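K.L.:
Attaching a predicted model along with its sequence, questions to come.
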Amino acid sequence: MPGGFFMPSRIGIAVARQALAPRFQPSRRGFAWASCAMPAAIARMLWYLGPHALFVSIRRVSLFPLTASSAHLVHFLFEALAFAFGGWLWRRARRASPEKQSALGFPVIVGCLFGAGTGNKLVAWIQDPHPLFSNGVWMLPGQSMVGGLLGGWIGIELAKWIVGVRRSTGDDFWLPMLLGIAIGRLGCFLSGLHEATYGLPTSLPWGVDLGDGIPRHPAPLYEIVFVLALAMALARAKLPLQVGLRFRLAASGYLLWRLGIEAIKPAPWSWSGLSGIQWVCVAGLLWSMTESVKLWRSGR
C-alpha cells in the first residue's frame, strides 16, 4: 500500500503510541474487543474460502477476490489490530519494571520511529526499484517489515548512544513484534493479489486461488505458522539471562525465515539468485547473529 516516506513500521507505531501517551490504560472492554477481533477475522476468512472448498474438496482452496479498495481496508484493519495488540503487550511488559519505564526516553522513541520509517521505505525500494521523483512528487510506495525491523533497531541504537542509555531494550519488543507480524499477515492473506506478499504458483494440494485462477503458495499463512512457532520456542527456551538476547534471536530467526520464504515469492529482480530483500536479509543476519553470539558468550 502507498504511504509517506517516514510512515512508521509495525514496530515503530506501536512503540510511539504507547511511549508518547504514558497515561494510556487499555480498558477491559477495549481489550475484550481486540481479543474477539481475531476469531471474527478468521470466520470472515472461512466465509471467503467457501463451503465447497472447505468441506468438499481439500485439494484446492479458492479465495474470492476483493476489490482494491476493500483489500486496502482489510489490510489497514489488521495492521491497526497488530499495532494495538503489540502496543498493549509492550506497555504491559514495561509496567512490570520501573527500571524499564525510565530507560526509554523520548529521543529513543524518535530514533525508533524515523529509523523504522526510513528502513521500511528504503528496503521496499530496494526490492522494487523505480524512479524516486516523478511529476514533482516523491514516489515511495510499498512497505517492508524487514526494513522496519532493521531500521528501527538501528534508530534505537543510535538514539541510545546519543542520550547515553546503555542497557538493552530489545526484550520488550520481541514478543509484540512476532505476534504483530502474525496478525498483520492475516490481513495480507485476505488482501489477495492486492498485497505483494503472495506466493508463486504451485501444484501442492493446499494451493490458494487468489482470484486469477492460479493456485499459489499461501506465503502469509506460512509466515503466521512460523512466527507463532518461533515465539513459543523463545518463550519456553532456557536461555542465559542476558537482557536483549531473545530479541536478537527473534530478529535472526525472522530474517533467516524471510531469506528462505522469499524464494517462493515473485521478485522484480534478482542478482546471483537472490532478490533485493534477500540481500538485505543476508546483511541483517550477519549483524543480528554476530550480536546474538557475542551476547550469548558473555553469559557463559
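P.N.:
In hand now; what should we look at?
K.L.:
contacts, neighbours, all on C-alpha from now
P.N.:
Fine.
K.L.:
Compute the number of surrounding residues for Ala159.
P.N.:
22 (other CA atoms under 10 Å).
K.L.:
show me what contacts it?
P.N.:
Going by CA atoms under 8 Å, 6 or more residues apart in numbering, Ala159 touches Pro107, Val108, Val110, Gly111, Cys112.
K.L.:
out of the residues you listed, which is most surrounded?
P.N.:
Neighbour counts for these peak at Cys112, which has 31 neighbours (criterion: other CA under 10 Å).
K.L.:
Wait, it touches Ile156, no?
P.N.:
Yes - Cys112 lies in contact with Ile156 (CA atoms under 8 Å); the separation is 4.9 Å.
K.L.:
any idea which residue sits dead centre in the chain?
P.N.:
Residue closest to the average C-alpha location in the chain (CA atoms, centre = their mean): Ile181, at 3.9 Å.
K.L.:
Please identify which helix or strand holds that one.
P.N.:
helix 174-191 (DSSP states H and E).
K.L.:
same question, Gly211
P.N.:
Using DSSP H and E, Gly211 falls outside every helix and strand.
K.L.:
and Leu239, that one's in a helix?
P.N.:
No - using DSSP: H, G, I helix; E, B strand; the rest coil, the assignment for Leu239 is coil, not a helix.
K.L.:
All further residue positions should be reported with the first residue as 40.
P.N.:
In the new count, where the first residue is 40, that last one comes out as Leu278.
K.L.:
what's the burial count for it?
P.N.:
Residues near Leu278, counting by other CA under 10 Å: 12.
K.L.:
Distance-wise, check it relative to Phe212.
P.N.:
From Leu278 over to Phe212 the distance is 17 Å, taken as CA to CA, to the nearest Å.
K.L.:
pretty sure Lys199 is in contact with Gly209, am I right?
P.N.:
No - judged on CA under 8 Å, Lys199 makes no contact with Gly209 at a distance of 12.0 Å.
K.L.:
Tell me which of the contacts of Ala198 fall in helices.
P.N.:
Pro146, Val147, Val149, Gly150, Cys151 (DSSP state H).
K.L.:
count of neighbours near Asn159?
P.N.:
Asn159: 28 neighbours (other CA under 10 Å).
K.L.:
ok, it to Leu243 distance?
P.N.:
Asn159 sits 32 Å away from Leu243, going by CA to CA.
K.L.:
and what of Arg297?
P.N.:
Going from Arg297 to Leu243 by CA to CA gives 21 Å.
K.L.:
neighbour-wise, which of those two wins?
P.N.:
The neighbour count for Arg297 versus Leu243, taken as other CA under 10 Å, is higher for Arg297 (19 against 12).
K.L.:
Please identify which helix or strand holds that one.
P.N.:
Going by DSSP H and E, Arg297 is in helix 284-300.
K.L.:
between that helix and helix 213-230, how big is the angle?
P.N.:
Relative orientation of helix 284-300 and helix 213-230, computed by axes from the mean of the first three to the mean of the last three CA atoms, to 10 degrees: 30 degrees.
K.L.:
wait, Glu301 sits on Gln317?
P.N.:
Yes - the pair Glu301 / Gln317 is scored as a contact, 6.9 Å apart, by CA under 8 Å.
K.L.:
So if I had to pick from those two, which one is more boxed in?
P.N.:
Gln317 (23 against 20).
K.L.:
neighbouring contacts of the helix or strand that contains that one?
P.N.:
Using DSSP H and E, Gln317 maps to helix 315-337. With CA under 8 Å, 6+ apart as the test, helix 315-337 has contacts from 162-163, 165-167, 185, 189, 279, 281, 284, 287-288, 290-291, 294-295, 297-298, 301, 308-309.
K.L.:
Roughly how far does the residue nearest to the centre of the chain sit from Leu197?
P.N.:
In terms of CA to CA, Ile220 sits 24 Å off from Leu197.
K.L.:
One more: Glu118?
P.N.:
Distance from Glu118 to Leu197, counting by CA to CA: 27 Å.
K.L.:
Stretch 331-339: which residues count as buried?
P.N.:
Using 16 or more other CA atoms under 10 Å as the test for burial, stretch 331-339 gives Ser331, Leu334.
K.L.:
Stretch 281-293 now?
P.N.:
Going by 16+ other CA under 10 Å, stretch 281-293 has these buried residues: Gly283, Leu284, Arg285, Phe286, Arg287, Leu288, Ala289, Ala290, Ser291, Gly292, Tyr293.
K.L.:
Equivalent analysis for stretch 105-117, please.
P.N.:
Quick answer for stretch 105-117 (16+ other CA under 10 Å): Leu105, Ala110, His111, Val113, His114, Phe115, Phe117.
K.L.:
If I follow the layout properly, the fourth one ends up in contact with Gly231?
P.N.:
Okay, so that is Val113. No - between Val113 and Gly231 there is no contact under CA under 8 Å: 10.4 Å.
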